[in-house]
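Participant: Fold the following.
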Amino acid sequence: MTTSQAHLIRRAEALFQRRTSPRRKLLALVMQRTGHFSAEEITRAMPQVGRATVYRTLAQLVDAGLVCRVLLDGGEQHYQAAPRDHHHHLVCIRCDRVVDVESCEVSEFAEGIARGHGFAPLTHRLEIYGLCQSCRQRDEIPSQSR
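Facilitator: From the prediction side, this is the model:
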């Protein structure tokens with residue numbers, strides 16, 4: 001476990017009112033994951049942890065900014081350990097690849113729109129759906145006739 005992962009785990013454990021063994025194991029599994037995953041994948045990987053505990057814990061981690069929720073094109077929610085405090089996603093609608101975007105040029109735009117409507121913005125999330133480079137290249141390859 002990296003120092004960064006250990007720090008995230010300490011922050012997450014501070015959120016939990018009850019620091020149970022299943023929550024600690026679930027947290028460790030989530031922080032070890034690379035890429036996105038579904039709550040059902042976590043439930044299958046940890047059959048000893050109840051489904052409600054998995055969903056409730058993931059919701060708490062999302063609220064704390066330690067895990068981000070990604071809505072795939074088919075409507076399925078996936079999660080991933082948040083690599084930074086604030087980032088956005090590019091989501092491929094064909095292969096479900098999710099790319100983190102670190103820069104946030106839309107902050108001023110989002111805040112301006114919110115203020116224009118008398119809304120006090122706390123945060124924002126941007127997900128752009130389309131085709132990743134690999135899927136686009138597959139489409140460009142002409143099919144060979146036999």
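
Participant: any idea how far the closest residue to Ser134 other than its chain neighbours lies from Arg44?
Facilitator: Nearest residue to Ser134 in three dimensions, chain neighbours excluded: Cys95, at 7.0 Å (C-beta to C-beta, 6 or more residues apart in numbering). Glycine gets a C-beta too; all of them are placed from N, C-alpha and C. The spacing between Cys95 and Arg44, counted by C-beta to C-beta, to the nearest Å, is 21 Å.

Participant: again with Arg51
Facilitator: 10 Å.

Participant: quick one: the helices in this structure?
Facilitator: Ranges of helices within the chain are 3-15, 21-32, 39-45, 51-63, 107-116, 133-140, based on DSSP state H.

Participant: didn't Arg94 look like it was pressed against Gln133?
Facilitator: No: at 11.5 Å, Arg94 does not count as touching Gln133 under the criterion of C-beta atoms under 8 Å.

Participant: Compare neighbour counts for these two and give me the winner.
Facilitator: More neighbours surround Arg94 than the other of Arg94 and Gln133, with 14 against 10 (other C-beta atoms under 10 Å).

Participant: where in this protein is pLDDT low?
Facilitator: Confidence mapping of the chain against pLDDT under 70 gives the ranges 1-19, 83-86, 141-146.

Participant: Break it into its domains for me.
Facilitator: Residue ranges for the domains of the chain, per automatic domain parsing: 1-82, 84-146.

Participant: just the ones you listed: most buried one?
Facilitator: Ranked by mean neighbour count, these are led by domain 1-82 with a mean of 15 (mean count of other C-beta atoms under 10 Å).

Participant: ok, His89 - contacts?
Facilitator: His89 makes contact with 68, 70, 98-101, 126-128 under the criterion C-beta atoms under 8 Å, 6 or more residues apart in numbering.

Participant: can you rerun that using 10 Å?
Facilitator: 36, 68-71, 78, 80, 98-101, 125-129 (C-beta atoms under 10 Å, 6 or more residues apart in numbering).

Participant: So which of these is the closest to Thr57?
Facilitator: Arg69 (13.1 Å; C-beta to C-beta).

Participant: For that closest one, list the residues it contacts.
Facilitator: By C-beta under 10 Å, 6+ apart, the residues touching Arg69 are 36, 39, 58-59, 61-62, 77-80, 82, 89, 125, 127.

Participant: and if we set it to 7 Å?
Facilitator: By C-beta atoms under 7 Å, 6 or more residues apart in numbering, the contact list for Arg69 reads 62, 77, 79.
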